[in-house]
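Return a 3D structure for these sequence lines:
(one chain, ligands or ions: 1)
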Amino acid sequence: MSFLWEKLLRPAAFAFEAEHAHDLGIRALKHGLARAFYVEDPAFGLNPFELFGLRFANPLGIAAGFDKNGMVLEPLARLGFGFIEAGTVTLRPQPGNPKPRMFRLPEDRALINRLGFNNLGAAALVANIRENQRRCVIGINIGKNKDVPNEEAVEAFAKTFEVVHPVADYIAINVSSPNTPGLRDLQRSDAFEPLVAELQARNRELGRKPLLVKIAPDLDDAGIKEITDICIDAGIDGMIATNTTVARRALRTPDVEQIGDGGLSGAPLFDRSNDVIRTVFRHSGGRMPIIGVGGVFTANDAFAKISAGASLIQAYTGFVYGGPAFAKEIVTGLGKILRERGFADVRSAVGCEAL
Ligand SMILES: Cc1cc2nc3c(=O)[nH]c(=O)nc-3n(C[C@H](O)[C@H](O)[C@H](O)COP(=O)(O)O)c2cc1C
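Have a look, this model is predicted:
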């Protein structure tokens, strides 16, 4: 980790309340204040590769929620991320839950958030993406407004899908955030099947783009297998495992219950998200491409997710703690690990320890 970040910038950022620090970080990125950390070549010596018909300079992406409104896509790409998942975006703008709603747990290298899809709405995101220079793959993660009941979720998702479709390289269906009441119920087969069927129908009408599904780590094994089967049957292109967890197991932070509800991310999620990746990989016989996310702080963590079955990696919390050199450190380190272990590229290592 760079000295400047660890000794100076991070303590300064962490002196602010967590969401305020995030907003300052977005502003700093937007104004080019991270320019000193920009990289020349985001491949970092790895071979670029194709997945979902898209070309990725490297396998590390920024997870959904960091740049909900597509404000800083270009600076993030310049820091070396191979792809960015913007959103979650909803059809209409909404303010999200009352503050405070984002908390650091430094003893656990974790965050808890209950933001509740605060975002400027799908149209604003599309406008922002059009204004930004495109420097890497841009996925868009879609959800539903809080005031939309689950009986109307299919139409709400479908309309949002139509708005973002023209500018998205891929679209991710978010049925796994814990902070929109009832959203996770859409993972159940009776609600999930009609949802993906409708989105695939619109996808065919509008011109096929990769459609992915992001799942929760709090599903049991049977639930993971069931949703994987539905995704395979519906021709879903990939699964993103996982979103944040509502579990609070073995945390070092004292009195964590005082923080209240929300999704836990970071190191405490690492093992569980790897288990989910492995389950999807095994159950699909390696046929379902997986984006592995949850608790990646080091190149070894990224490799663990690849060996469990992930073809691509995302991070959010690790970037918050690791700072602007994060992508460079992870991808460079990953290249080294691959070489040491005799893998020619990322693809040949996918799932090597899953079976
Ligand atoms: C503050 C915060 C906001 C998030 N917002 C979203 C979101 O809007 N949509 C989503 O699908 N995931 C969201 N996530 C979940 C992340 O995309 C990711 O799945 C999760 O944090 C696990 O990865 P990590 O341990 O690297 O943070 C959010 C996470 C955090 C910490």
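
list the contacts for the closest residue to Val175 other than its chain neighbours?
Of all residues not flanking Val175 in the chain, Leu186 sits nearest, at 4.1 Å (CB to CB, 6 or more residues apart in numbering). For every residue, glycine as well, the C-beta is placed using N, CA and C. Residues counted as contacts of Leu186 (CB atoms under 8 Å, 6 or more residues apart in numbering) are 150, 153, 175, 192, 195.

Might you report the residue contacts of the third one?
The neighbours of Val175, taking CB under 8 Å, 6+ apart as the test, are 183-184, 186-187, 192, 195, 213-215.

could you dump those residues to JSON lines with secondary structure?
Output for these, formatted as JSON lines (DSSP: H, G, I helix; E, B strand; the rest coil):
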{"residue": "Leu183", "secondary structure": "helix"}
{"residue": "Arg184", "secondary structure": "helix"}
{"residue": "Leu186", "secondary structure": "helix"}
{"residue": "Gln187", "secondary structure": "helix"}
{"residue": "Phe192", "secondary structure": "helix"}
{"residue": "Leu195", "secondary structure": "helix"}
{"residue": "Val213", "secondary structure": "strand"}
{"residue": "Lys214", "secondary structure": "strand"}
{"residue": "Ile215", "secondary structure": "strand"}
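
thinking again about what came up before, what's the distance between the residue nearest to Val175 and Thr180?
Leu186 is 10 Å from Thr180, where distance means CB to CB, to the nearest Å.

Need the per-residue pLDDT for Met1.
Looking at Met1, its pLDDT reads 58.

what are the phi and psi values for Ile240?
Backbone torsions of Ile240, given as degrees, to the nearest 10, read phi -110, psi 120.

So what sits opposite it in the bridge?
Lys214, Ile291 (DSSP bridges).

what separates the spatially most central residue of the chain from the ligand, distance-wise?
Computing the C-alpha centroid of the chain and ranking residues by CA atoms, centre = their mean puts Ala63 first, at 2.5 Å. Using CB to the nearest ligand atom, to the nearest Å, Ala63 is found at 3 Å from the ligand.

Leu51 now?
Applying CB to the nearest ligand atom, the value for Leu51 to the ligand is 18 Å.

partner residues bridging that residue?
Beta-bridge pairing of Leu51 under DSSP bridges involves Leu54.

buried ones in stretch 228-237?
228, 230-231, 234, 236-237 (16 or more other CB atoms under 10 Å).

Likewise for stretch 108-125?
So stretch 108-125, judged by 16+ other CB under 10 Å, has buried residues 108-122, 125.

Those in helices, which ones?
122, 125 (DSSP state H).

and which of the buried residues of stretch 108-125 is nearest to Leu51?
The closest of the buried residues of stretch 108-125 to Leu51 turns out to be Leu125 (CB to CB; 23.1 Å).

How about the contacts made by the closest one?
68-70, 86-87, 89, 119, 140, 164.

Output those residues in CSV, with distance to Thr253 and secondary structure appended to each entry.
Formatted as CSV, the contacts of Leu125 follow (distance: CB to CB, whole Å; DSSP: H, G, I helix; E, B strand; the rest coil):
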residue, distance to Thr253, secondary structure
Lys68, 25, coil
Asn69, 30, coil
Gly70, 32, coil
Ala86, 30, strand
Gly87, 28, strand
Val89, 31, strand
Asn119, 28, strand
Ile140, 33, strand
Val164, 36, helix
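
The ligand next: which of those residues are close?
When contact is defined as CB under 6 Å from any ligand atom, those meet the ligand at Lys68.

quick one: which of the contacts of Leu125 has the most company?
Comparing the contacts of Leu125 by number of neighbours (other CB atoms under 10 Å), Ala86 comes first, having 31 neighbours.

Distance check, the residue lying closest to it once chain neighbours are set aside against Glu85.
In space, and not counting its chain neighbours, Ala86 is closest to Gly70: 4.4 Å by CB to CB, 6+ apart. Distance, Gly70 to Glu85, by CB to CB: 10 Å.

How about the stretch 151-300 of the chain: which residue is closest to the ligand?
For the stretch 151-300 of the chain and the ligand, the shortest gap (CB to the nearest ligand atom) falls at Ser265, measuring 3.2 Å.

doesn't Gln314 make contact with that residue?
No: with contact defined as CB atoms under 8 Å, Ser265 does not count as touching Gln314 (11.1 Å).

Tell me the residues that contact both of these two, please.
Residues within reach of Ser265 and of Gln314 at once, by CB under 8 Å, 6+ apart: there are none.

Would you check the distance separating the helix or strand where Ile171 lies from the middle of the chain?
Using DSSP states H and E, Ile171 maps to strand 170-174. Distance of strand 170-174 from its chain centroid, counting by CA atoms, centre = their mean, to the nearest Å, is 10 Å.
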